[in-house]
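Trainee: would you be able to build a 3D model of this:
(4 chains)
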Protein chains: 2
Amino acid sequence: MTGIKDVAREVEMSTATVSRALRGLPGVSDETRSRVMETARRLGYVPSPSAAGLASGQTRTVAVIVPWVTRWFFAAVVQGAEEVLRERGYDLLLYNLAGDESARHRVFETSLLTKRVDAVLVLSLKPSLDELARLQKLGRPVTIVGADVPGWATVRIDDEQAARCAVRHLAGLGHRRIAYVGGATEGVLDFTAPAARLAGFRSALAEAGLPHDPTLEADGEFSVAGGSRAAQALLDREDRPTAIFAASDEMAIGVLRTARELGVGVPEDLSVIGIDDHEMAEIFDLTTVAQPVHEQGRVAAQQVLTALEGEHWVPEQVVLPTRLVVRRTTAPPAGSAGR
Amino acid sequence: MTGIKDVAREVEMSTATVSRALRGLPGVSDETRSRVMETARRLGYVPSPSAAGLASGQTRTVAVIVPWVTRWFFAAVVQGAEEVLRERGYDLLLYNLAGDESARHRVFETSLLTKRVDAVLVLSLKPSLDELARLQKLGRPVTIVGADVPGWATVRIDDEQAARCAVRHLAGLGHRRIAYVGGATEGVLDFTAPAARLAGFRSALAEAGLPHDPTLEADGEFSVAGGSRAAQALLDREDRPTAIFAASDEMAIGVLRTARELGVGVPEDLSVIGIDDHEMAEIFDLTTVAQPVHEQGRVAAQQVLTALEGEHWVPEQVVLPTRLVVRRTTAPPAGSAGR
DNA sequence: TTGAAAGCGCTAACAG
DNA sequence: CTGTTAGCGCTTTCAA
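Mentor: Below is the predicted model of the structure:
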């Protein structure tokens, strides 16, 4: 294994100079630098991250904590983050909770991360006060993606507004009985999006002068299967809603499936709208409120890198825009004027 | 930052004993060990992976090289691998190529991995000879998931047989014009599955005494959109096939979409079968040949860990079973006797 | 612009 | 069962 010493010996210089040359630090003559680089390459020198980390206190590694890697949304955020990290020479350490509460504790509690990473990205989870305290103690940049945590650096969309946008679209089409399929507003993994989207739903209803009927709010567990089950109950009743707003595309897809099984025509008998613009949304012709998923990962990674490289940083709250994408699962309700 | 020295001072022992006690090595009295553990906990001691790595030469980190994290298949494999790695105290370093050939080169060429990880998992890619040589030179356990690379440790399914199974199902239903939607058998990222599945398709055709018609073989790029496009051409022709075998569920889903758009009834006018048992397969009622995705990740991780912990290891080729899952996109062709 | 030297925090012989 | 002693391979003052 050739090390920095071998390179130093070869160019007849100190390891200090070689180290500086290799890392692009100033104070090295151009000639020396190019000789060092060339020699390092020729000798097949590969630096040891452990040694560099030990000596410098920097691991050039960022931890990404993900509730479930298998969900498209999180995978896409990870992909975005990975791109910019890799570009800047950082490695990405993946911590997948797989929806498991105990895994979550392990990650936050035993300070697994303490001497391991330079920064942390937390996806969608709203850390508890205790967890926030631990993150704080890390003394490293932390950015939270997809959750609203005041006082912390976050990258997200305005969930409440996204929900309002969806409901306004339905109300604008003439729907007056609009149901909501969402997820627990508090629970195992603590996300902030479910509550915000529910709030958006309710406020848009009020804004449109529509009554609030709690029986039209169902839990779809933010999954296809859950959305499907929720729709079952909603579509089974006499006074069936004419439109369903699902707080995620996956749940909306579940709704579509149930509608199909029940012979409820979409969009003739039922309009369906989601949030996300999931990769499968187009296949289902699903109308949705698109959010820039990949971009959230990129911005979050950029944010921690800036913090890492700058002197002092102020936790910034970045809110990315959403956009209504009208496809073919929404239409005016049957019996409406039509127009 | 409290280090091992602080713990040693506190228990009035050498750092060597503390290190042994903390790592569960033999040769430490029970009493000492518990005192050390307790003290370490009380002092909030967290070991430094960099220091341990430098001293021991082990990073307790495994690299996972993924063509695209956003594809469900790969994400699921990663999830499986992460589970067992985490369980055994290993970290997972993610290298996402995002389908980018240059990213691939970077990962394999500059020996990014050399002093960084203890083992490597490569998903689905068939490394080139050159890349294999580099991997070999790492001198670390490497397992390849989802590709057939003779002489290397692999975990995969029998792709050829899976394809045959799918085609036999169609032929058994009475189909005689069966089309294939697959992917390039050689190309940017070099997978072995496409060629194997195509071979399985052809051999099953021969086995059933059906003619081989190259115009019934289309490229679906292993994506929904590609499958959709491929189906367009296939379903547009006069002598339209009565069944389509897609080499992945995502392509099959694309086929279903095109069929719906073209008003081709499934399964009355067209049977469709895929491979994978993708999470969305059930929603589409897609008949498919299921493969144990998550399990492949687990087994692969176990394999490298065994290699890491045992003395010498023989690269093993694990082939996991597949299983036909009949749903509602396949049926006897129209005009057949019916049963 | 370069070099000498002192660690970074732990592990691993080797002794005892 | 425990301690002593060298490092692991870099980075980083401080001097020159």
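
Trainee: listing request: residues of chain A with sub-threshold pLDDT.
Mentor: Applying pLDDT under 70 to chain A flags residues A:188-189, A:311, A:336-339.

Trainee: break it down into its domains, please.
Mentor: Structurally, chain A divides into domains by automatic domain parsing as follows: A:4-55, A:57-157+A:293-320, A:159-291.

Trainee: chain A: helices as residue ranges?
Mentor: With DSSP state H applied, chain A shows helices at A:4-11, A:15-22, A:30-43, A:49-56, A:72-87, A:101-108, A:129-138, A:159-173, A:193-207, A:224-236, A:249-262, A:293-309, listed in chain order.

Trainee: I'd like those as TSV, with mean neighbour count appended.
Mentor: Where you see a C-beta, it was placed from the backbone N, CA and C, and this is true even at glycine. Shown next, in TSV, are the helices of chain A (neighbours: other C-beta atoms under 10 Å in any protein chain shown):
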stretch	mean neighbour count
helix A:4-11	18
helix A:15-22	19
helix A:30-43	15
helix A:49-56	18
helix A:72-87	24
helix A:101-108	17
helix A:129-138	14
helix A:159-173	22
helix A:193-207	20
helix A:224-236	21
helix A:249-262	24
helix A:293-309	21
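
Trainee: as CSV, these with distance to B:S102 would be great.
Mentor: Putting these into CSV (distance: least, C-beta to C-beta, whole Å) gives the following:
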stretch, distance to B:S102
helix A:4-11, 26
helix A:15-22, 22
helix A:30-43, 19
helix A:49-56, 22
helix A:72-87, 11
helix A:101-108, 33
helix A:129-138, 34
helix A:159-173, 35
helix A:193-207, 35
helix A:224-236, 35
helix A:249-262, 32
helix A:293-309, 18
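
Trainee: these: which one's closest to chain B?
Mentor: Across the helices of chain A, chain B has its closest neighbour in helix A:49-56 (3.5 Å, C-beta to the nearest C-beta).

Trainee: who's in contact with that closest one?
Mentor: Applying C-beta atoms under 8 Å, 6 or more residues apart in numbering or on different chains, the external contacts of helix A:49-56 come out as A:58-61, B:48-51, B:53-54, B:59, B:115-116.

Trainee: out of those residues, which are close to DNA strand C?
Mentor: B:S48, B:A51, B:L54 (C-beta under 7 Å from any atom of the strand).

Trainee: who wins for proximity to B:M280 among the domains of chain A?
Mentor: Nearest to B:M280 among the domains of chain A is domain A:159-291; the distance by C-beta to C-beta comes to 6.2 Å.

Trainee: B:Y90 is nearest to which of the helices of chain A?
Mentor: The nearest among the helices of chain A, by C-beta to C-beta, is helix A:101-108 at 13.5 Å.

Trainee: and the closest one, how far from the chain's centre?
Mentor: With C-alpha atoms, centre = their mean, to the nearest Å as the basis, helix A:101-108 stands 19 Å off its chain's centre.

Trainee: returning to that earlier point: ok, the ones next to DNA strand C among the contacts of helix A:49-56 vs A:E31, which is closest?
Mentor: B:L54 (31.9 Å).

Trainee: the closest one and A:A51, how far apart?
Mentor: 5 Å (C-beta to C-beta, to the nearest Å).

Trainee: how about A:R35?
Mentor: Taking C-beta to C-beta, one finds A:R35 at 23 Å from A:A51.
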